[in-house]
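S.K.: got a structure for you, letters missing:
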């Protein structure tokens with residue numbers, strides 16, 4: 001068997017269907033939303049509130065410090081947190097970062113070439129590039145990057161040790177609060193300094209946004225890069241020249257985002273009033289969960305939705321969510337994926353899997369579904 005003759009182990013997704021009442025493993029009953037149109041309606045309608053338990057609360061209590069104000073608040077509070085970030089992540093601003101992203105990628109490709117095959121692409125490229133990008137954007141000291149990576153790894157586990165998670169939460173917020181305090185005294189050209197300059201947010205609020213960027217902007221991109229490369233290498237019939245033409249690169253990136261929607265946890269909302277979603281009558285207080293991977297495989301929107309086709313004309317998907325909480329870093333994510341795929345396949349046109357595809361293992365115990373390792377050769 002050739003190494004590319006099997007699909008990597010991406011998670012099975014629910015079949016898109018009507019809004020359904022389901023029971024979670026903990027016994028709680030929720031509404032599960034799987035159809036593309038229903039998911040967009042839910043995420044865009046203010047009747048479904050994002051306010052609730054944050055991702056990582058250090059200790060019980062409403063006033064406890066936590067990471068997650070941006071994804072776990074509704075307007076107007078959410079708008080106050082998002083507005084200064086939106087200014088920093090416009091397409092124009094992100095495009096200005098492309099040369100720096102390219103340098104980060106080239107540095108890692110040089111290291112791969114020096115090391116020689118086989119190498120683990122996750123450790124050699126997928127992890128270091130987004131860590132370098134977010135670290136540079138925020139001007140985080142390079143010697144702290146390994147600790148930041150470990151914090152993200154620990155906090156984004158599906159079943160973290162609560163005491164360890166609380167300690168890690170406090171460390172990450174404290175670390176960033178210290179940097180924010182320093183930048184208030186001596187501003188730089190980094191993202192933290194920009195948030196100080198162009199917002200009325202306090203130090204703890206800016207530290208929270210910084211921690212959210214470290215968690216989402218690094219870990220999610222690392223997962224996306226690995227899965228994107230694995231998909232291409234597991235389908236040797238797909239032309240490797242895709243990355244050589246800009247007009248083919250955009251559909252490739254969008255199809256990768258659609259097919260390998262890496263957000264494994266459902267996106268939660270709580271109904272604040274009685275309403276109707278699809279064919280379901282939702283009551284105030286009901287918890288509603290959007291299944292983004294299922295929505296991105298909706299057969300009514302995409303023909304042969306369970307087939308990976310990087311030449312498929314790009315249609316809007318919900319890999320980055322929808323509505324007021326649409327991922328603020330989506331433009332950066334797309335640019336990073338484009339640059340990585342383009343430069344990787346140009347530098348190593350003979351790139352191939354160094355193990356059979358069925359030996360690739362997906363991290364199913366994490367918020368973002370990335371591969372544990374991706375051995376490659378050339």
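M.R.: Yep, it's here. As the structure is a computational prediction, the values presented were derived from the model and not from experiment.
S.K.: Every contact and neighbour count from this point should use C-alpha atoms.
M.R.: Fine.
S.K.: So which residues of this structure form helices?
M.R.: 36-44, 77-88, 91-96, 98-115, 121, 128-137, 145-155, 162-185, 191-197, 203-213, 219-233, 246-259, 292-295, 330-347 (DSSP state H).
S.K.: Could you single out the most deeply buried of the ones you listed?
M.R.: helix 292-295 (a mean of 28; mean count of other CA atoms under 10 Å).
S.K.: quick one: it to chain centroid distance?
M.R.: Chain-centre distance of helix 292-295: 14 Å, with CA atoms, centre = their mean, to the nearest Å.
S.K.: hmm, who's touching it?
M.R.: 13-16, 34-37, 39, 258-264, 266-267, 318-319, 321 (CA atoms under 8 Å, 6 or more residues apart in numbering).
S.K.: Now list the buried members of those.
M.R.: 13-14, 16, 34-36, 39, 258-264, 266-267, 318-319, 321 (16 or more other CA atoms under 10 Å).
S.K.: about what we covered before: put together a markdown table for the helices of the chain, with mean pLDDT and distance to residue 51 on each row.
M.R.: Below are the helices of the chain laid out as a markdown table (pLDDT from 0 to 100; distance: least, CA to CA, whole Å):
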| stretch | mean pLDDT | distance to residue 51 |
| --- | --- | --- |
| helix 36-44 | 97 | 13 |
| helix 77-88 | 91 | 9 |
| helix 91-96 | 93 | 28 |
| helix 98-115 | 96 | 34 |
| helix 121 | 97 | 38 |
| helix 128-137 | 95 | 26 |
| helix 145-155 | 91 | 20 |
| helix 162-185 | 92 | 19 |
| helix 191-197 | 95 | 23 |
| helix 203-213 | 94 | 16 |
| helix 219-233 | 90 | 22 |
| helix 246-259 | 84 | 26 |
| helix 292-295 | 93 | 19 |
| helix 330-347 | 93 | 22 |
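S.K.: do you know which of these lies nearest residue 276?
M.R.: helix 36-44 (10.0 Å; CA to CA).
S.K.: packing partners for the closest one?
M.R.: strand 275-277, helix 292-295 (3 or more CA pairs under 8 Å, 6 or more residues apart in numbering; DSSP states H and E).
S.K.: Distance to residue 344 added to those, as CSV?
M.R.: Below are the helices and strands packed on helix 36-44 laid out as CSV (distance: least, CA to CA, whole Å):
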stretch, distance to residue 344
strand 275-277, 44
helix 292-295, 27
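S.K.: And these: which comes nearest residue 91?
M.R.: helix 292-295 (23.8 Å).
S.K.: quick one: residue 346 from residue 172, how far?
M.R.: Residue 346 sits 37 Å away from residue 172, going by CA to CA, to the nearest Å.
S.K.: thought residue 49 was touching residue 272?
M.R.: Yes - using CA atoms under 8 Å, residue 49 is in contact with residue 272, at 6.6 Å.
S.K.: Which one's more surrounded, those two?
M.R.: residue 49 (22 against 16; other CA atoms under 10 Å).
S.K.: who's in contact with the more buried one?
M.R.: 73-74, 269-272.
S.K.: Report the separation between it and residue 36.
M.R.: For residue 49 relative to residue 36 (CA to CA), the value is 19 Å.
S.K.: how far away is the residue nearest the centre of the chain from residue 200?
M.R.: The residue lying closest to the centre of the chain (CA atoms, centre = their mean) is residue 220, at 3.1 Å. Distance from residue 220 to residue 200, counting by CA to CA: 28 Å.
S.K.: cool, residue 34 as well?
M.R.: 38 Å.
S.K.: can you check residue 69 too?
M.R.: 15 Å.
S.K.: For the residue nearest to the centre of the chain, which non-adjacent residue is closest in space?
M.R.: Setting aside the residues directly before and after it, residue 220 is nearest to residue 368 in space (CA to CA, 6 or more residues apart in numbering), at 5.8 Å.
S.K.: same deal with residue 323?
M.R.: In space, residue 323 is closest to residue 44, 4.2 Å off (CA to CA, 6+ apart).
S.K.: Equivalent analysis for residue 38, please.
M.R.: Residue 38 sits nearest to residue 278 (CA to CA, 6+ apart), 6.2 Å away.
S.K.: wait, doesn't residue 320 sit right on residue 331?
M.R.: No - judged on CA under 8 Å, residue 320 makes no contact with residue 331 at a distance of 10.1 Å.
S.K.: Next, show the common contact partners of the two.
M.R.: With CA under 8 Å, 6+ apart, residue 320 and residue 331 have no common neighbours.
S.K.: Does residue 318 touch residue 298 like I think?
M.R.: No - using CA under 8 Å, residue 318 is not in contact with residue 298; the gap is 11.1 Å.
S.K.: what's the nearest residue to residue 181 if we skip its chain neighbours?
M.R.: Residue 181 sits nearest to residue 203 (CA to CA, 6+ apart), 6.8 Å away.
S.K.: Give me the contacts around stretch 336-353.
M.R.: 3-4, 98, 101-102, 105-106, 109, 130, 221, 224-225, 229-230, 233-234, 240, 243-244, 249-250, 253, 374-378.
S.K.: can you pull the contacts of residue 19?
M.R.: So residue 19 contacts 31-35, 38, 277-280 (CA under 8 Å, 6+ apart).
S.K.: closest to residue 121 among those?
M.R.: Distances from residue 121 to these, taken by CA to CA, are shortest for residue 34, at 32.4 Å.
S.K.: Fine by me, we can end here.
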